[in-house]
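Visitor: quick one: sequence plus predicted model below, questions after.
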Amino acid sequence: MFEDNFLLFFTSYYILRENFIRVNIIKIIAGLFILAFCSAGFLIAGNNKKDAGSDAASLRKNQVAIMGEFRTASFVKSLLVWEYFMNGSGVEIAKENNSSERERLLFDIVQTKSASLCILGNMVHNGSKKEDWREFDDLIRPLVGIGIDVMPVIGQHEYWGRDNMFFRHAQVRFPLLKNDTWYTKIISGVAFIIIDTNINEMQSESWRRQKQWYNEMMDYYDRNNSVRGVVVLSYHPVTTLSQLDYDLSYMSESFKEKFVSSQKALFFISASGACYEKIEESGKYFLISSGGGSPRRPLKQESLQTTPGYYTVVSDRQNMLGPFNYLILDLAKDGISVRVRGMSKNSTDVNTLEEFFVPFNY
């Protein structure tokens, strides 16, 4: 905002300078109006900079927001009605543009004062395009401006285009991705393990190194007395009842067994599924939050009543679509409280869809 007002200031200065000479009354008035507007903007921007420290101090350090499927369909794609994805039963659903819903959820995150936001992949539509990353920057700038820490997960759209361009764009924004596309971070005694599940995009050696690192970190945190719980974050889920068109068996083979056997692991949270899904298995929770802006995937209606330990929310039963949503993890001393915040299509109200508490296991 400060930089924008600088531009307005010099624009008004140019208008006034040129038209005082030519005695153009209308343009002089226009210049004075712009000058007054940007002067007010200078004051607001200055106050915002002074308040930035207090905004950061008011954030809840033990609260982590998690949003999946951040990208949105491009404007052109939302207009091309022949751009479809198959939902498995032969019904074709046009891709939807959910920009307004995504921005409303981001505003809600700011209001909840979460100190951290994890984006579960697909931050942009095309990872090699600087225009897409600029749009991403514009979206998260208000969050970063008040001190919210953004934690990235790599999704499949980040790998679109040229990989070297994707790495360049991502690394300049996220120092955590400087060496690898997987990392770990501890917040309020809870270890967050972020993995890259794009097996078809990664080199086999990188995939092997990540699996070894993942197993080692799970063992290490089980032994570490300062860590109370473990949360795994990925783009692809271990399991889902959404109508996906690719095989997820590699996720179980690579990550599920170690997660289930871990003493401290509580949640495996992913994005590529239906809007919100919760599956409880062996005292562990597999959560999916993919309602952050991308075109929504329908659920398999025939599986909803036959899957034990399964819970979801359906906001559009005709198309079996879930609500737009994100998760809030409150990291307490004795466990983790999960709140699911969501909204329907074309709505402005964000409400709590579900809330539950999971105690630490040790």
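Guide: Perfect, thanks for sending it. Not measured: the values here are computed from a predicted model.

Visitor: quick one: low-confidence parts of the protein?
Guide: Applying pLDDT under 70 to the chain flags the ranges 1-55, 72-96, 163, 244-245, 273-274, 293, 302-308.

Visitor: walk me through the domains of it.
Guide: What automatic domain parsing lists as the domains of the chain is 2-50, 59-359.

Visitor: Lys178 against Ala170, yeah?
Guide: No: look at Lys178 against Ala170 with CB atoms under 8 Å: they stay out of range, at 9.7 Å. (Each C-beta comes from the backbone N, C-alpha and C, glycine too.)

Visitor: neighbour count winner among these two?
Guide: Shown here are Lys178 and Ala170; by other CB atoms under 10 Å, Ala170 has more neighbours (20 against 11).

Visitor: so which of the domains of the chain is the most surrounded?
Guide: Stretch with highest mean neighbour count among the domains of the chain: domain 59-359 (a mean of 18; mean count of other CB atoms under 10 Å).

Visitor: is it true that Gly229 touches Ser337?
Guide: No: Gly229 lies out of contact with Ser337 (CB under 8 Å); the separation is 11.9 Å.

Visitor: which residues does stretch 350-362 contact?
Guide: 104-105, 108, 228-229, 263-264, 266-267, 276, 278, 283, 285, 311, 313, 323, 325, 334-343 (CB atoms under 8 Å, 6 or more residues apart in numbering).

Visitor: go again using 6 Å as the cut-off
Guide: Residues outside stretch 350-362 that contact it (CB atoms under 6 Å, 6 or more residues apart in numbering) are 108, 228-229, 263, 266, 313, 334-343.

Visitor: same check, this time on stretch 204-223
Guide: Residues from elsewhere that reach stretch 204-223, judged by CB under 6 Å, 6+ apart: 182, 184, 191, 193, 199, 227, 230, 254, 258, 262-264.

Visitor: can I get those residues in JSON lines including distance to Glu216?
Guide: Formatted as JSON lines, the contacts of stretch 204-223 follow (distance: CB to CB, whole Å):
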{"residue": "Trp182", "distance to Glu216": "12"}
{"residue": "Thr184", "distance to Glu216": "10"}
{"residue": "Ala191", "distance to Glu216": "13"}
{"residue": "Ile193", "distance to Glu216": "11"}
{"residue": "Ile199", "distance to Glu216": "19"}
{"residue": "Val227", "distance to Glu216": "14"}
{"residue": "Val230", "distance to Glu216": "13"}
{"residue": "Ser254", "distance to Glu216": "14"}
{"residue": "Lys258", "distance to Glu216": "10"}
{"residue": "Ser262", "distance to Glu216": "12"}
{"residue": "Gln263", "distance to Glu216": "15"}
{"residue": "Lys264", "distance to Glu216": "15"}
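
Visitor: where's Arg104 relative to Gln210, distance?
Guide: Arg104 is 35 Å from Gln210, where distance means CB to CB, to the nearest Å.

Visitor: residues in contact with Ser234?
Guide: So Ser234 contacts 195, 197, 270 (CB under 6 Å, 6+ apart).

Visitor: repeat that for 8 Å
Guide: Neighbours of Ser234 in contact, by CB under 8 Å, 6+ apart: 120-121, 153, 194-197, 251, 255, 268-271.

Visitor: cool, and Ala170?
Guide: Ala170 neighbours (CB under 8 Å, 6+ apart): 127, 152, 154, 158, 177.

Visitor: closest to Met67 among the residues you listed?
Guide: Using CB to CB, Pro152 comes nearest to Met67 of the contacts of Ala170, at 11.4 Å.

Visitor: hmm, that closest one is touching Met123, no?
Guide: Yes: using CB under 8 Å, Pro152 is in contact with Met123, at 6.3 Å.

Visitor: what's the spacing between Ser100 and Tyr250?
Guide: 36 Å.

Visitor: typed the wrong thing, it's Pro295
Guide: Distance, Pro295 to Tyr250, by CB to CB: 24 Å.

Visitor: does the residue nearest to the spatial centre of the chain count as helix, strand or coil?
Guide: By CA atoms, centre = their mean, the chain has its centre lying nearest to Ile119, at 2.6 Å. Put simply, Ile119 is strand when judged by DSSP: H, G, I helix; E, B strand; the rest coil.

Visitor: any idea how far it lies from Gly292?
Guide: When Ile119 is compared with Gly292 (using CB to CB), they lie 8 Å apart.

Visitor: quick one, strands of the stretch 201-350 of the chain?
Guide: Along the stretch 201-350 of the chain, the stretches classed as strands by DSSP state E, counting those that start in this stretch are 229-233, 265-270, 276-281, 284-289, 310-312, 324-331, 335-343.

Visitor: out of those strands, flag the one nearest Arg141.
Guide: strand 324-331 (18.1 Å).

Visitor: quick one, that closest one and strand 265-270 angle?
Guide: Going by axes from the mean of the first three to the mean of the last three CA atoms, to 10 degrees, strand 324-331 is angled at 160 degrees with respect to strand 265-270.

Visitor: list the helices and strands strand 324-331 packs on?
Guide: If you count contacts as 3 or more CB pairs under 8 Å, 6 or more residues apart in numbering; DSSP states H and E, strand 324-331 packs onto strand 60-68, helix 99-112, strand 284-289, strand 335-343.
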